[in-house]
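# Any chance you could fold what I've pasted below:
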Amino acid sequence: MSKGLTGFSELILLGACLAFPSASPAQTKGGQAKPTVIHNFKHDVSPPLRHLPPSVQAGSAADQQQLVARPTRGALANSQADPVAQPLTVGLSSVSTGLNFDGQSAQDNRNLFGFAFVPPDTNGAVGDTQFVQMVNVTIAVYDKSTSALKLGPVAIHTLWTGFGGLCEFGGGTPTFADGGDPVVLYDHLAGRWLVTQLQYNTTFTQTAQCVAVSTSSDATGSYNRYEFDFGSNFPDYPKFAVWPDAYYNTINVFPPKKFAGAQACAFDRNAMLTGAPASAICFQNPPSVSSLLPSDFDGSTLPPAGEPNFFVDIADSSDLNIFQFHVDFANPANSTFTGPVLIPVAPFSEICARATTASCIPEPPSGEKVDGLSDRLMFRLAYRNFGDHESLVVNHTIKGGALAGVRWYEIRSPQSSPSVFQQGTVVDPSTNFWLGSIAMDKAGNIALGFSASSHELNPSVFLVGRAPSDPAGTMAGPIVLVNGGGVQHSSFKRWGDYSSMAIDPSDDCTFWYTQEYYAATGSFNWSTRIGAFKFDSCKAP
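Numbering: from 1, shown residues only. Below is the predicted model:
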């Protein structure tokens, strides 16, 4: 996720977080949370990214891990067996596969910096003609028709060349110029790319979210660049989403030695599209709310006029929370963040309790056990308006019987009467499934990608899916995007903190998934895969 720390110093930081689990409640006014406004510290327009010289430096530093996504609460457990565990049905039928190729790798880290990071935090987005992939701590642009590399891989901070401050230089030497937790999204309403990265100094007293919005649909072109400062309130695990009225964001806020709760922010999308000065309107939640996900808009049918953005997190072992964020940039005091409303779900228990034992997903010998990151919902919370109903789909890793499984939900009527329309847990009696990402196409087909591993199976990348006519809660598959060629060892037991399933805006049918794997056994030598596929029932316009 973030700049490298030694394992020893990271343990000290983790211990400090666990020793001080509570914080002051959010500011309130009349019983409602009070918004705060963050103005951009600095903004400008960059030269075209393709013209900026890549940051290349030979280094002798040791391979490093990025900062651990910090735990925010104890593990959740439920005495009931999972009632919606569903082994996969017969293989996916009437599905056409497209491009399937390797993306960035740890070797790209070494080529640029002389050493590598774990984990990659793999994510990507698809635009009109390009696929952009971001990992720790590099970015690359591919032609989505041919997979040809159009730019990079280059250090993410290359995009901030000439901007100065934390966004360009990080908090230390150029070796540590990229903070991590990168997110890329394609704003298909405007034909623009949203590129973000966390930054901070070496003492964590200055932190910032660096946000760039492209000036065209070409990801190799120029960007409107912004720095938003968060001071000593460390903005951990940031996630972004596109909505018609704002770019919505969530972070887990960690002031020194304590967890303050999740913060929800709305960044002024209209201003950032034009390169004007921009602000963010934020609501701080109490420590009982953590790891929120904002809803990310897919499709061509807009949400109903004036509809708020939806935020979801895990409430307990049998409920989700849903919140509504209405933003008003003209009159920030009129902005509201309301909720939570509980959404009952099938009972579940976490696997890999991150507050105590973070790593429990096995690999074949000589691989190490890796992190399941099961204490939070997985990126993205994908929204779609079908006209006669609205749907949100999201997933997280749970204890699916004896092994890890991927629990997924389709939530309908999120504004008026949110409830689970269908849910299921993808399980296998001999294989762990974890770290998924989910989306839905315009025909209502759902696709879910994740990592798969066992004592016999090298970590691989699987895809499963379902058609609207399939029995509720079931998934079919898998399609194997890539079989792992080896296992990870001596890499701090880290696996990616998230992966990414995106929908191609050109046809609103083609799914693009990117995730990490190991092509060969080793330490700090991860690879990534990018693959496209579609249900034949989904027809392009």
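
# in the stretch 351-500 of the chain, which spans are strands?
For the stretch 351-500 of the chain, the strands defined by DSSP state E, counting those that start in this stretch cover 359-361, 370-371, 378-385, 390-400, 403-412, 419-427, 432-440, 446-453, 460-466, 476-482, 500-503.

# Residue 156: which of those is closest?
Nearest of the strands of the stretch 351-500 of the chain to residue 156, taken as Cβ to Cβ: strand 500-503 at 15.7 Å. (C-beta placed from N, C-alpha, C; glycine too.)

# Whichever helix or strand comes after the closest one pairs with which strands, parallel or anti?
Per DSSP states H and E, the first helix or strand lying C-terminal to strand 500-503 is strand 511-517. Here strand 511-517 is paired, per DSSP bridges, with strand 500-503 (antiparallel), strand 527-535 (antiparallel).

# gap between strand 511-517 and the chain center?
Between the centre of strand 511-517 and the centre of its chain there are 12 Å (Cα atoms, centre = their mean, to the nearest Å).

# and what of stretch 503-516?
Computed by Cα atoms, centre = their mean, the chain-centroid distance of stretch 503-516 equals 15 Å.

# With stretch 478-489 instead?
21 Å.

# is it true that residue 325 touches residue 263?
No. Counting by Cβ atoms under 8 Å, residue 325 does not reach residue 263; the two are 11.4 Å apart.

# returning to what we had before: how about the strands of the stretch 351-500 of the chain, which one is nearest residue 305?
Taking Cβ to Cβ, strand 378-385 is the member of the strands of the stretch 351-500 of the chain nearest to residue 305, at 11.4 Å.

# sec struct for the nearest residue to residue 251 once chain neighbours are set aside, please.
Of all residues not flanking residue 251 in the chain, residue 235 sits nearest, at 3.9 Å (Cβ to Cβ, 6 or more residues apart in numbering). Here residue 235 is recorded as strand under DSSP: H, G, I helix; E, B strand; the rest coil.

# Tally up the residues packed near residue 235, please.
25 (other Cβ atoms under 10 Å).

# from here on, count from 56
Fine by me, first position is 56 from now on; the one you just mentioned is residue 290.

# Could you give the average pLDDT over stretch 371-380?
Stretch 371-380 shows a mean pLDDT of 98.

# Tell me which residues are up against it.
For stretch 371-380, contacts defined as Cβ atoms under 8 Å, 6 or more residues apart in numbering pick out 131-133, 303, 319, 321, 338, 344, 347, 349, 363-370, 390-404, 432, 464, 466, 469-470, 473.

# Tell me how many other residues surround residue 374.
That count, for residue 374 with other Cβ under 10 Å as the rule, works out to 15.

# Report pLDDT for the nearest residue to residue 537 once chain neighbours are set aside.
Leaving aside its sequence neighbours, residue 537 sits nearest to residue 584 (Cβ to Cβ, 6+ apart; 4.5 Å). Predicted confidence (pLDDT) for residue 584: 98.

# quick one on the thing from earlier: closest one to residue 494 among the strands paired with strand 566-572?
strand 555-558 (4.4 Å).

# Tell me which residues are up against that closest one.
Counting by Cβ under 8 Å, 6+ apart, 177-181, 241, 353-354, 434-435, 437, 492-496, 502-504, 564-570 sit against strand 555-558.

# Tell me which residues touch the residue lying closest to residue 541 once chain neighbours are set aside, please.
Leaving aside its sequence neighbours, residue 541 sits nearest to residue 576 (Cβ to Cβ, 6+ apart; 3.3 Å). Residue 576 makes contact with 421-422, 540-544 under the criterion Cβ under 8 Å, 6+ apart.

# Residue 296 should be in a strand, yeah?
Yes. According to three-state DSSP, residue 296 belongs to a strand.

# surely it meets residue 353?
No. Using Cβ under 8 Å as the test, residue 296 is too far from residue 353 to be in contact (10.4 Å).

# quick one on the thing from earlier: let's have the strands of the stretch 406-555 of the chain in TSV, adding mean pLDDT, distance to residue 124 and mean neighbour count.
Converted to TSV, those look like this (pLDDT from 0 to 100; distance: least, Cβ to Cβ, whole Å; neighbours: other Cβ atoms under 10 Å):
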stretch	mean pLDDT	distance to residue 124	mean neighbour count
strand 414-416	92	13	21
strand 425-426	94	9	26
strand 433-440	98	12	26
strand 445-455	97	13	25
strand 458-467	97	17	25
strand 474-482	98	22	20
strand 487-495	98	12	27
strand 501-508	98	16	27
strand 515-521	98	21	25
strand 531-537	97	24	19
strand 555-558	98	16	27
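
# can you list those strands in CSV and add distance to residue 375?
Converted to CSV, the strands of the stretch 406-555 of the chain look like this (distance: least, Cβ to Cβ, whole Å):
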stretch, distance to residue 375
strand 414-416, 23
strand 425-426, 22
strand 433-440, 10
strand 445-455, 8
strand 458-467, 7
strand 474-482, 8
strand 487-495, 14
strand 501-508, 17
strand 515-521, 20
strand 531-537, 25
strand 555-558, 19
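
# Ok, which of these comes nearest residue 308?
Using Cβ to Cβ, the strands of the stretch 406-555 of the chain put strand 433-440 closest to residue 308, at 18.2 Å.

# helices or strands next to the closest one in the packing?
For strand 433-440, the elements it packs on are strand 289-298, strand 348-352, strand 364-371, strand 445-455, strand 487-495, strand 555-558, judged by 3 or more Cβ pairs under 8 Å, 6 or more residues apart in numbering; DSSP states H and E.

# The third one pairs with which strands?
Taking DSSP bridges as the criterion, strand 364-371 sits next to strand 348-352 (antiparallel), strand 374-381 (antiparallel) in its sheet.

# And the closest residue to residue 429 other than its chain neighbours, how far from residue 508?
Residue nearest to residue 429 in three dimensions, not counting chain neighbours: residue 452, with 4.1 Å by Cβ to Cβ, 6+ apart. In this view, residue 452 and residue 508 are 12 Å apart by Cβ to Cβ, to the nearest Å.

# which residues are common contacts for those two?
Residues touching both residue 452 and residue 508 (Cβ under 8 Å, 6+ apart) are residue 489.

# contacting residues around residue 205?
185, 196-198, 274-275.

# ok so it is a strand residue?
Yes. Residue 205: assigned to a strand according to three-state DSSP.

# Which strand or helix spans the nearest residue to it once chain neighbours are set aside?
Distance criterion Cβ to Cβ, 6+ apart; nearest residue to residue 205, sequence neighbours excluded, is residue 196 at 4.5 Å. In the assignment (DSSP H and E), residue 196 maps to strand 193-198.

# How much space separates the residue nearest to residue 541 from residue 513?
Relative to residue 513, and taking Cβ to Cβ, residue 576 is found at 8 Å.

# Quick check: neighbours shared by the two?
Here residue 576 and residue 513 share the contacting residues 422, 540-542, scored by Cβ under 8 Å, 6+ apart.

# Would you mind listing the two of the residues you listed that lie farthest apart?
The widest separation within the shared contacts of residue 576 and residue 513 (Cβ to Cβ) is 12.2 Å, between 422 and 540.

# between those two, who's got more neighbours?
Under the criterion of other Cβ under 10 Å, the comparison of residue 422 against residue 540 puts residue 422 first, with 21 against 14.

# Report the separation between that one and residue 514.
Applying Cβ to Cβ, the value for residue 422 to residue 514 is 8 Å.

# Pull up the overlap in contacts between those two.
Counting by Cβ under 8 Å, 6+ apart, the common neighbours of residue 422 and residue 514 are 542-543.

# which stretches of the stretch 106-255 of the chain have low pLDDT?
Across the stretch 106-255 of the chain, the ranges flagged by pLDDT under 70 are 110-115, 227-231.

# Helices along that one, start to end?
Along the stretch 106-255 of the chain, the segments classed as helices by DSSP state H, counting those that start in this stretch run 161-168, 220-224.

# cool, the stretch 256-405 of the chain as well?
Using DSSP H, counting those that start in this stretch, the helices of the stretch 256-405 of the chain run over residues 324-329.
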